[in-house]
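Chemist: This is a predicted model, with the sequence first.
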Amino acid sequence: MAGFRHLGDREVAAGYRIRLVRATFEAPDGSTFERDVVRDKRVVAVVPLLDDARHVLLVRQYRGPVDREMLEIPAGLCDVEGEDDPEVTARRELAEEIGRAAGSLELLAQVHQSAGISDEHGLIYLGRQLREVPDDRQGVEEAHMVVERFDLADLDEAIASGALTDAKTLIGLLRTRDLLRAER
């Protein structure tokens, strides 16, 4: 909206991945206000589409912040030194999490998953022409994750039942389904 301006941040706390800041803004009328903001790293996710163009590979992994296992598309942070190209991150995450390499990547969407509190920006790709490569799981959650084959025909039911609740996964799978329908 025209007239709003970010004046600056004062760091409140910092961790490996995020920083919590008190951000100051100016409103169109000249008044100032503050908001707590989580400054986060960029996230890249990939919908790994199998050659039958009906099934994708998802990962089931434990997510501590919500204290449950989640079914998600492979994803990760642009957090490797010098890794500025999000496609490089996408390819790394596919290999790490599901042991696949994609012959092609296509940008499906860009998302801000929680813009009211965080500046986290995500890029979601569609990965096609998958081939097997050695996986290279990082961290305790990835070490225990399970790769699952998911039929896109079951997407509406999985959303309605709450089996799929991760925002980047929902957006990626819905965009993939729409793209595949348009290609028919």
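Modeler: Nice, I can see it. Numbering: from 1, shown residues only.
Chemist: Buried residues in the lowest-mean-pLDDT helix or strand in the chain, which are they?
Modeler: Of all the helices and strands that make up the chain, helix 139-143 has the lowest average by mean pLDDT, DSSP states H and E, namely a mean of 83. Buried residues in helix 139-143, counted by 16 or more other CB atoms under 10 Å: Glu142. C-beta coordinates here come from the backbone N, C-alpha and C atoms, glycine included.
Chemist: what's the spacing between it and its chain's center?
Modeler: 17 Å (CA atoms, centre = their mean, to the nearest Å).
Chemist: could I get that helix in CSV with only the CA atoms?
Modeler: Extracted C-alpha coordinates of helix 139-143, given in CSV (Å, rounded to 0.1, in the frame of the first residue of the first chain):
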residue,chain,number,x,y,z
GLY,A,139,20.0,-33.8,10.7
VAL,A,140,18.0,-35.9,13.0
GLU,A,141,14.6,-35.2,11.5
GLU,A,142,15.8,-36.1,8.0
ALA,A,143,17.5,-39.2,9.2
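Chemist: What's the first helix or strand after it?
Modeler: The first helix or strand that comes after helix 139-143 along the chain, using DSSP states H and E, is strand 146-151.
Chemist: in the protein, which spans are strands?
Modeler: Applying DSSP state E to the chain gives strands spanning 5-14, 19-26, 32-39, 43-48, 55-63, 68-72, 75-77, 100-111, 122-132, 146-151.
Chemist: What helices and strands are in contact with the least confident helix or strand of the chain?
Modeler: Counting contacts by 3 or more CB pairs under 8 Å, 6 or more residues apart in numbering; DSSP states H and E, helix 139-143 packs against strand 55-63.
Chemist: can you tell me which helix in this structure is longest?
Modeler: Counting by DSSP state H, the longest helix found in the chain is helix 167-183.
Chemist: Now that one - C-alpha only, CSV.
Modeler: Provided in CSV are the C-alpha atoms of helix 167-183 (Å, rounded to 0.1, in the frame of the first residue of the first chain):
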residue,chain,number,x,y,z
ALA,A,167,1.1,-24.4,3.1
LYS,A,168,4.0,-24.9,0.6
THR,A,169,2.9,-28.5,0.0
LEU,A,170,-0.7,-27.5,-0.6
ILE,A,171,0.2,-24.7,-3.0
GLY,A,172,2.8,-26.9,-4.8
LEU,A,173,0.4,-29.9,-5.2
LEU,A,174,-2.6,-27.7,-6.3
ARG,A,175,-0.4,-25.9,-8.9
THR,A,176,1.0,-29.2,-10.1
ARG,A,177,-2.5,-30.7,-10.5
ASP,A,178,-3.7,-27.5,-12.4
LEU,A,179,-0.7,-27.6,-14.7
LEU,A,180,-1.1,-31.3,-15.5
ARG,A,181,-4.8,-30.8,-16.3
ALA,A,182,-3.9,-27.9,-18.6
GLU,A,183,-1.4,-30.1,-20.4
